[in-house]
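1. Got a sequence here, can you model it:
(one chain, ligands or ions: 1)
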Amino acid sequence: MSSRSLPSTSFAVTMVRDLRRMLFPPLLAAAFLAGLCQPGLAQHEALELGPEEAAPALPAGGATLFLNVRIFDGKNSALSALSSVLVRNNVIERISANPAATEASADVSVIDANGRVLMPGLIDAHWHMFMAAVSPAVLLTADPGYLNLLAARQAEATLMRGFTTIRDMGGPVFGLKRAIDEGVTVGPRIYPSGAMISQTSGHGDFRSRYEIPRALGGPLSQSELAGIAAIADSPDEVRLRAREQLRQGASQIKLMGGGGVSSPHNPIESTQFTEPELHAAVEAAENWGTYVAVHAYTPATIRQAIAAGVKCIEHGQLIDEATAQLLAGKGVWWSLQPLTYDADVFSRMSPVSQKKALAVFAGTENAYKLARKYKVKTAWGADILGDAGAASRQGQYLAMMARWYTPAEALKMATADNGELMALSGFINPYPGKLGVVEVGALADLLLVEGNPLDDLNLVANPDKNFVVIMKDGKIYKNTLSK
Ligand SMILES: [Zn+2]
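-> Down below sits the predicted model:
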């Protein structure tokens with residue numbers, strides 16, 4: 001800064017100009033303007049994206065050989081004969097019918113599974129990493145640094161429950177995802193939605209009832225600042241909010257299309273947004289190669305979402321027969337959760353939420369029956385919010401599926417089928433490659449199980465005991481077998 005005193009405005013202008021020069025030296029700026037932006041962008045990205053420390057990487061050519069495994073491949077309802085599976089780097093390189101196939105190379109670590117079951121890592125299609133284990137009061141009042149540390153701890157716990165991928169259906173997880181991908185902290189692959197987009201008084205409007213009016217272009221409310229929700233009240237605003245999430249790295253967009261249990265200011269029967277509002281988000285997402293998922297319980301909310309071009313319905317417990325048929329006919333995904341009475345969770349709800357929850361619980365049975373009857377593309381998710389105890393029981397919510405499905409069907413849903421849903425993120429898929437299957441060329445997310453989960457789905461409810469090896473992206477995070 002020069003010794004001359006400058007008016008503050010021109011100082012600010014100088015600062016901005018200097019910063020611009022640092023980011024785009026004149027030549028690069030000219031190239032940028034001419035559309036030859038490669039060098040300029042490379043420099044900009046280096047400034048924005050470079051990790052502070054190099055992530056711990058696998059040794060080049062590092063490999064793991066599983067011997068004597070019986071494989072559940074994510075699709076077949078029967079286990080394979082004894083086989084061996086070779087993982088190199090982060091990909092399944094070879095599956096051999098020879099259970100004791102050996103590799104000459106010294107860089108291969110061998111796990112003799114002794115007949116145990118090898119299966120794909122589990123995928124939860126409706127999870128909230130930032131909010132699963134934190135009470136709403138803490139979520140809306142605590143320091144963001146503290147909340148991120150809690151989320152990181154929950155991410156590690158999620159991976160240790162055998163969930164190697166989650167689709168995050170709302171919450172500020174972009175930083176957490178980056179830290180996991182860079183090896184700074186431990187957790188599953190995250191398909192982030194970012195902030196849940198909601199209309200005023202919608203399921204994602206967490207303001208107090210008297211915090212009105214909301215000024216257009218005015219300051220954001222607390223949950224918007226935190227990146228939990230984004231309130232929007234016109235097609236233009238929805239488009240802006242959707243694009244903001246995509247800009248931050250959302251792999252799909254989540255909108256609140258109707259009333260919800262945990263939000264006190266809207267009836268469960270309410271339809272939220274209009275078709276043009278939903279359609280604005282669909283256009284923004286599809287232009288980015290991806291899709292919109294909508295929170296919806298009732299036939300009216302589901303039908304409006306389908307008409308707007310939404311590709312995935314979240315929940316849907318209050319559906320009717322004709323609407324289930326429509327889902328099947330249109331090939332729209334149904335991301336359905338076994339929401340049933342859980343005394344622990346129920347006791348902590350407000351009376352308003354309890355009443356709404358009972359209506360949803362009562363619909364779960366019918367929803368699964370219709371999903372089966374019409375062969376709707378069904379995804380499984382746990383959708384735990386604000387309850388550490390329930391979050392720790394994530395696997396139990398999968399085991400609960402035995403009420404409606406065979407173990408093989410339920411596990412297929414939580415592996416190969418959910419993997420297919422993840423791929424719907426198209427060209428912005430953060431983890432391109434096959435997920436949820438044990439096949440050559442697929443990403444190496446694997447579990448080695450004590451016992452046969454195709455005989456007893458309950459094994460997934462006790463991951464500490466029954467998942468003896470947990471591998472994500474070719475890297476082993478747990479191995480209790482003696483070497
Ligand atoms: Zn949810």
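2. and the residue of the stretch 151-300 of the chain found nearest the ion, what does it touch?
-> Of all residues in the stretch 151-300 of the chain, Met169 sits closest to the ion, at 4.7 Å by CB to the ion. Glycine gets a C-beta too; all of them are placed from N, C-alpha and C. Contact partners of Met169, counting by CB atoms under 8 Å, 6 or more residues apart in numbering, are 126-128, 193, 196, 254, 293, 295, 314, 381, 383.
3. could you redo the last one with a cut-off of 7 Å?
-> Residues near Met169 by CB atoms under 7 Å, 6 or more residues apart in numbering: 126-128, 193, 254, 293, 314.
4. same deal with Gln199?
-> By CB under 7 Å, 6+ apart, the neighbours of Gln199 are 232-233, 272-273.
5. Swap in 10 Å and give it another go.
-> Residues in contact with Gln199 (CB atoms under 10 Å, 6 or more residues apart in numbering) are 205, 231-234, 237-238, 255-257, 266, 270, 272-274, 277.
6. Top of the residues you listed by number of neighbours, please.
-> Per-residue neighbour counts (other CB atoms under 10 Å) across the contacts of Gln199 peak at Leu255, which has 36 neighbours.
7. Settle this for me: Lys355 is touching Phe346, isn't it.
-> No - Lys355 is beyond contact range of Phe346, at 11.1 Å (criterion: CB atoms under 10 Å).
8. so where's the longest helix in the chain?
-> The residue-count maximum for a helix in the chain (DSSP state H) belongs to helix 351-373.
9. Could you pull up the mean pLDDT of the very next helix or strand once past that one?
-> Next helix or strand after helix 351-373 toward the C-terminus (DSSP states H and E): strand 378-380. Taken as a whole, strand 378-380 has an average pLDDT of 98.
10. Indicate each strand paired with strand 378-380 and its parallel or antiparallel sense.
-> Neighbouring strands of strand 378-380 in its sheet, by DSSP bridges, are strand 333-336 (parallel).
11. Residues of this protein that sit close to the ion?
-> Contact residues (CB under 5 Å from the ion) of the chain with the ion: 169, 383.
12. Tell me where the model's unsure across the stretch 101-250 of the chain.
-> Low-confidence segments of the stretch 101-250 of the chain, defined by pLDDT under 70, are located at 103-104.
13. which residues of it fall in strands?
-> Using DSSP state E, counting those that start in this stretch, the strands of the stretch 101-250 of the chain run over 108-112, 117-120, 122-127, 163-168, 189-192, 196-198, 229-231.
14. which stretch among the ones you listed comes nearest Ala371?
-> Among the strands of the stretch 101-250 of the chain, the nearest to Ala371 by CB to CB is strand 122-127 (13.5 Å).
15. Give the pairing partners of the closest one; include direction for each.
-> Here, using DSSP bridges, strand 122-127 pairs with strand 163-168 (parallel).
16. what about the strand it pairs with, distance to the chain center?
-> With CA atoms, centre = their mean, to the nearest Å as the basis, strand 163-168 stands 5 Å off its chain's centre.
17. got the buried residues for stretch 361-378?
-> 361, 363-364, 367-368, 370-371, 374, 376-378 (16 or more other CB atoms under 10 Å).
18. Mind picking the two most distant members of these?
-> Longest span within the buried residues of stretch 361-378, CB to CB: Phe361 and Lys377, 23.6 Å.
19. Could you list the buried residues of stretch 348-363?
-> Neighbour counts over stretch 348-363 (16+ other CB under 10 Å) mark 349, 353, 356-357, 360-361, 363 as buried.
20. Looking at it now, give me its mean pLDDT.
-> Confidence for stretch 348-363, expressed as mean pLDDT, is 88.
21. Stretch 307-319 too?
-> For stretch 307-319, the mean pLDDT works out to 97.
22. Quote the end-to-end distance of that stretch.
-> 16 Å (CA to CA, to the nearest Å).
23. Within the helices and strands, which one has Gln304?
-> helix 299-308.
24. Next SSE downstream of that helix?
-> Counting by DSSP H and E, what follows helix 299-308 is strand 312-315.
25. tell me what that following strand is packed against?
-> The contact analysis (3 or more CB pairs under 10 Å, 6 or more residues apart in numbering; DSSP states H and E) places strand 312-315 against strand 122-127, strand 253-256, strand 292-296, helix 299-308, strand 333-336, helix 351-373, strand 378-380.
26. if you set the cut-off to 7 Å instead, what comes out?
-> Judged by 3 or more CB pairs under 7 Å, 6 or more residues apart in numbering; DSSP states H and E, strand 312-315 is in contact with strand 292-296, strand 333-336.
27. As a markdown table, these with distance to Gln396 and mean pLDDT would be great.
-> Below are those laid out as a markdown table (distance: least, CB to CB, whole Å; pLDDT from 0 to 100):
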| stretch | distance to Gln396 | mean pLDDT |
| --- | --- | --- |
| strand 292-296 | 23 | 98 |
| strand 333-336 | 17 | 98 |
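28. Mean neighbour count, these: which tops it?
-> Of all these, strand 292-296 has the most neighbours on average by mean count of other CB atoms under 10 Å, namely a mean of 29.
29. how close does Thr165 get to Leu358?
-> Distance of Thr165 to Leu358, computed by CB to CB, to the nearest Å: 32 Å.
30. per-residue confidence at the closest residue to Leu246 other than its chain neighbours?
-> With CB to CB, 6 or more residues apart in numbering as the criterion, Leu246 has its nearest non-adjacent residue at 4.9 Å, and that residue is Trp288. On the pLDDT scale, Trp288 is placed at 98.
31. ok, now Gln337?
-> 95.
32. Now it. Nearest residue, chain neighbours left out?
-> In space, Gln337 comes closest to Asp383 once its chain neighbours are excluded; the distance is 4.6 Å by CB to CB, 6+ apart.
33. Surely that neighbour is in contact with Met131?
-> No - with contact defined as CB atoms under 7 Å, Asp383 does not reach Met131; the gap is 10.4 Å.
34. Identify the single longest strand in the chain, thanks.
-> In the chain, with assignment by DSSP state E, the single longest strand is strand 63-71.
35. where's that strand relative to the chain centroid, distance-wise?
-> 28 Å.
36. which helices and strands sit right next to it?
-> With contacts taken as 3+ CB pairs under 7 Å, 6+ apart, strand 63-71 sits against strand 83-88, strand 108-112, strand 117-120.
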